[in-house]
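In: Give the three-dimensional model of this entry:
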Amino acid sequence: MIAKAEVKFIRISPVKVRQVIDLIRYKDVPGATALLNNLNKGPCAYLKKILKQVTANAKVKGFNPQQLYISKLVCNGGPSWKRFKAAGFGRAVPIKKRTSHISIELDIKSS
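Out: The predicted structure is shown next:
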């Protein structure tokens, strides 16, 4: 592990984030950035931001981002906001607004 970053309490469902995470896991940093720029999904904005953050962390440590790849990328569920919505016949149905915790680690490519 060269560098790592973590973002917590993101207001997007972990299921939606995992769809995009599976596409960029174990890719090199420039390739993952290019894929996120061309993908039309909601979590891409959050993932671009955290990837930029962890790349900056690696640069501070003196590593070249061209030599790094995503060694670990995990999205866990955070706490859910519990809300209620009006339903027919005077009832209320629960709504769970889910949050996510994303952690990413970079490592050097072994050639």
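
In: which outside residues touch the host helix or strand of residue 56?
Out: Counting by DSSP states H and E, the element that carries residue 56 is helix 44-60. If you take Cβ atoms under 8 Å, 6 or more residues apart in numbering as the criterion, helix 44-60 is touched by 2-5, 7, 10, 12, 17, 20-21, 24, 29, 32-33, 36-37, 65, 68, 70, 102, 104-106. C-beta: built from backbone N, CA, C; applies to glycine.

In: Mean confidence (pLDDT) on that helix, please.
Out: In this model, helix 44-60 has an average pLDDT of 96.

In: May I see the buried residues of that helix?
Out: Residues of helix 44-60 classed as buried: 44, 46-47, 50-51, 54-55, 57-58 (neighbour count, 16 or more other Cβ atoms under 10 Å).

In: And for stretch 23-30?
Out: Neighbour counts over stretch 23-30 (16+ other Cβ under 10 Å) mark 24-25, 27-29 as buried.

In: measure the residue of the chain positioned farthest from its centre to residue 83 for me?
Out: The outermost residue of the chain relative to its centre, with distances by Cα atoms, centre = their mean, is residue 89 at 40.3 Å. As judged by Cβ to Cβ, to the nearest Å, residue 89 and residue 83 stand 19 Å apart.
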